[in-house]
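Chemist: Using only what follows, build the 3D model:
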Amino acid sequence: MRGDEGTRSSLPSRADNGSNSAGLRALPRPVAVVVGGGGVLGAAHVGIGHALEQREFVPDLIIGTSVGALNGAVAAAHPGEAAPWLDRVWTHLRRREVFPLGYLPSRASICTDRGLRMLITRAVLPSRIEQLEVPFTAVAMDLATGAQVLLDHGDLESALLASAAIPGVLPPVDREGRTLVDGGVIAYVPVLAAQQAGAASVVVLMTGPESWPLRPTIPPRRAGAVAARARLLLWHHQIERDLHEVSKQIPTVVLPTGIETWPAPWDFGHSQRLINTASLAAGRFLDELRISGPGLYRVDGPPATSADLGKARAASVSGVGR
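Modeler: Take a look at the predicted model:
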């Protein structure tokens, strides 16, 4: 199931793909969809969303961090039909629209958030979180205390801006007496928040090289490469820790993207490739998925327990009931 599937649009229609997925139907309710961070890599979320919508899956709640909060809010506003609209938006996005330089209100960031505000306006979202069709939570971090902040009520626009406020790049958001920044700093894939919200099972959408098992590498020597490797290790270990903790209690399904080559953080020119590849990889995974109780269900991942040693590994779906 590894490898990019090409750059041309090849998304199957609902009629082309089995709309009934035994694995999805077997997930205990309420089911939470957790949408992680990733910046430009969030286009892969859209492809996975296509695969889920083609199988007529609608979650009971959605929890998102950073770009995952933006994509997740659109899905919560338009359940079952958000992916085509997100597809059109992502395939036409350019860096200057999302990260415009200049006209800064303060010295707290190098970019203004006016681009994100325009995107939120174009999404035709309600003004308040409570008005979304599917219960929704955006995850941010309190810049003063470092605490995780779960935004599940009140003004929607400020919640999305806060969750996506990359420190130093986009301005922090003052909301209800707190100064908030990107939730990906503390919860890049907020599965713990989903469990705390009462989810009986979780479907995880995450992107980037940190979502793959780490491979040994020669330590880099240049400053930029050292920082990038350290960030990768930090996020990878955070994600793995949280996934394994939650999967001990409830079924935790991590949907694959099938993507091996990820674009640079500012390059929006690969969105169509990411969408197409993720849609196909996630769809194949879902059609093979079988749930047998709590455990970690994913492709190319380590076994959920030592009892899984010797069972399906690469290119297989693995999960362990407890």
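Chemist: For the longest strand along the chain, which helices and strands make contact with it?
Modeler: Secondary structure assigned by DSSP state E gives strand 136-142 as the longest strand of the chain. Applying 3 or more CB pairs under 8 Å, 6 or more residues apart in numbering; DSSP states H and E, one finds that strand 136-142 contacts strand 61-65, helix 67-77, strand 148-151, helix 156-163, strand 178-182. All C-beta spots, glycine's among them, are computed from the backbone N, C-alpha and C.
Chemist: Could you tell me which helix of this structure is the longest one?
Modeler: Longest helix of the chain, by residue count under DSSP state H: helix 223-247.
Chemist: For residue 28, the count of nearby residues, please.
Modeler: Counted with other CB atoms under 10 Å, residues neighbouring residue 28 total 13.
Chemist: isn't it right next to residue 251, touching?
Modeler: Yes. With contacts counted by CB atoms under 8 Å, residue 28 reaches residue 251, the gap being 6.7 Å.
Chemist: Just the element for the nearest residue to residue 108 once chain neighbours are set aside, please.
Modeler: Nearest residue to residue 108 in three dimensions, chain neighbours excluded: residue 171, at 5.1 Å (CB to CB, 6 or more residues apart in numbering). For residue 171, there is no helix or strand it lies in under DSSP states H and E.
Chemist: follow-up on the earlier one: and the very next helix or strand once past the longest helix of the chain with helix 223-247, angle?
Modeler: Next in sequence after helix 223-247, counting helices and strands by DSSP H and E, comes strand 251-255. Inter-element angle recorded for strand 251-255 and helix 223-247: 150 degrees (by axes from the mean of the first three to the mean of the last three CA atoms, to 10 degrees).
Chemist: quick check, distance from strand 251-255 to the centre of its chain.
Modeler: Taking CA atoms, centre = their mean, to the nearest Å, one finds strand 251-255 lying 12 Å from the centre of the chain it belongs to.
Chemist: Identify each buried residue in the next helix or strand after it, please.
Modeler: Remark: after strand 251-255, the chain's next helix or strand is helix 271-288, criterion DSSP H and E. Applying a neighbour-count criterion of 16 or more other CB atoms under 10 Å, one finds 271-287 buried in helix 271-288.
Chemist: can you pull the contacts of residue 143?
Modeler: Neighbouring residues of residue 143 by CB atoms under 8 Å, 6 or more residues apart in numbering: 167, 172, 178-181.
Chemist: how does it look with 7 Å?
Modeler: Contact partners of residue 143, counting by CB atoms under 7 Å, 6 or more residues apart in numbering, are 172, 179-181.
Chemist: Over to residue 244?
Modeler: With CB under 7 Å, 6+ apart, residue 244 has these contacts: residue 296.
Chemist: got it, and the one 10 residues further on?
Modeler: By CB under 7 Å, 6+ apart, the contact set of residue 254 is 204, 206, 243, 297-298, 301.
Chemist: Just name the closest of these to residue 225, please.
Modeler: Closest approach to residue 225 among the contacts of residue 254 (CB to CB): residue 206, at 22.8 Å.
Chemist: Now residue 168. Nearest residue, chain neighbours left out?
Modeler: Closest to residue 168 by CB to CB, 6+ apart is residue 109, at 6.2 Å.
Chemist: can I assume residue 282 is in contact with residue 259?
Modeler: No. Look at residue 282 against residue 259 with CB atoms under 7 Å: they stay out of range, at 10.8 Å.
Chemist: how close does the residue located most distally from the centre of the chain sit to residue 229?
Modeler: Using CA atoms, centre = their mean, the residue of the chain lying farthest from its centre is residue 221. It sits 30.6 Å away. Per CB to CB, to the nearest Å, residue 221 is found 11 Å from residue 229.
Chemist: repeat for residue 26
Modeler: Taking CB to CB, one finds residue 26 at 39 Å from residue 229.
Chemist: Could I get the average pLDDT for stretch 157-168?
Modeler: For stretch 157-168, mean pLDDT is 95.
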